[in-house]
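Chemist: structure for this input, please:
(one chain, ligands or ions: 1)
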Amino acid sequence: MNPDHARFAEWDAAYVLGALSASDRRDYEDHLAECAECTRAVGEVAPTVGLLSRIAAPPLTERDEEPDAARRAQLVSIAGRRARRRRGWWVGAGVAAAAIVVAAVAVPLTIESASQQGSVYALEDLANAPLEASVRLTDAAWGTQIDLVCRYSGEVLDAPEGGWPYALAVVDANGASTTLSTWRAEPGSTTQLSAGTDLGVGDIGAVEIRTITGEHVLMRYEADR
Ligand SMILES: [Zn+2]
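Modeler: Residues are numbered from 1 along each chain as shown. Model (predicted):
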């Protein structure tokens with residue numbers, strides 16, 4: 001076990017919810033790179049948090065200021081508890097989440113989406129976007145499943161009704177990009193969506209969040225080659 005693990009063992013849900021401070025987040029991401037157990041925990045809690053934000057969670061967007069700390073702590077607690085304790089619940093939730101995602105973005109998804117595989121990578125901010133995002137890349141028979149968790153963490157700017165639109169794109173080893181999904185994000189909201197590409201994990205050069213027109217890359221995870 002990683003020697004720092006004890007310090008970070010309970011940070012998964014807070015991380016996925018974007019509730020960590022910037023410096024804590026950096027420390028945790030450094031730890032994630034070296035700790036398989038925490039990486040797995042993040043992968044496990046991410047779909048739960050996404051589900052909460054889609055279905056059950058009161059919006060974090062109703063205020064003009066910082067998200068309410070108590071509400072955040074409550075969500076962290078709920079998400080962490082559910083993800084850890086109740087495997088059966090989780091599988092059921094995974095299926096429900098998969099159904100919702102299929103309806104929303106019509107990507108290939110199977111029950112495999114409920115398994116905890118793949119690796120989680122943080123996206124690097126390239127344009128001072130008010131976003132914090134990570135992707136989980138999971139090898140599948142048909143290509144790669146890409147699970148995105150994206151939190152709109154910045155200040156409340158003049159967001160249009162329904163929030164700013166963004167696009168998720170995958171770039172292959174030759175630099176050719178494909179838009180996989182689009183979504184809207186309001187300040188304070190956390191978006192979780194699943195997409196698929198026929199590229200194998202090893203053939204993915206980068207995963208990017210772009211402006212809706214695809215012109216500007218806002219955040220990127222670049223694969224090591
Ligand atoms: Zn750890």
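
Chemist: now do the contacts for residue 6.
Modeler: Residues near residue 6 by Cβ atoms under 8 Å, 6 or more residues apart in numbering: none. For every residue, glycine as well, the C-beta is placed using N, CA and C.

Chemist: can you tell me the SS state at it?
Modeler: With DSSP: H, G, I helix; E, B strand; the rest coil as the basis, residue 6 sits in helix.

Chemist: look up how far the ion lies from it.
Modeler: Between residue 6 and the ion the computed distance is 8 Å (Cβ to the ion, to the nearest Å).

Chemist: now residue 185
Modeler: Residue 185 is 29 Å from the ion, by Cβ to the ion.

Chemist: which residue is the nearest non-sequential neighbour of that residue?
Modeler: Nearest non-adjacent residue to residue 185, counting by Cβ to Cβ, 6 or more residues apart in numbering: residue 152, 4.3 Å away.

Chemist: near the ion, which residues of this protein are found?
Modeler: Counting by Cβ under 5 Å from the ion, the residues of the chain lying close to the ion are 5, 8, 35, 37, 38.

Chemist: okay if I get those residues as TSV plus neighbour count and pLDDT?
Modeler: Formatted as TSV, the residues of the chain next to the ion follow (neighbours: other Cβ atoms under 10 Å; pLDDT from 0 to 100):
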residue	neighbour count	pLDDT
5	14	90
8	20	90
35	20	90
37	14	88
38	24	89
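
Chemist: tell me which two of those residues sit farthest apart.
Modeler: Farthest pair in those (Cβ to Cβ) is 8 and 37. Separation: 9.4 Å.
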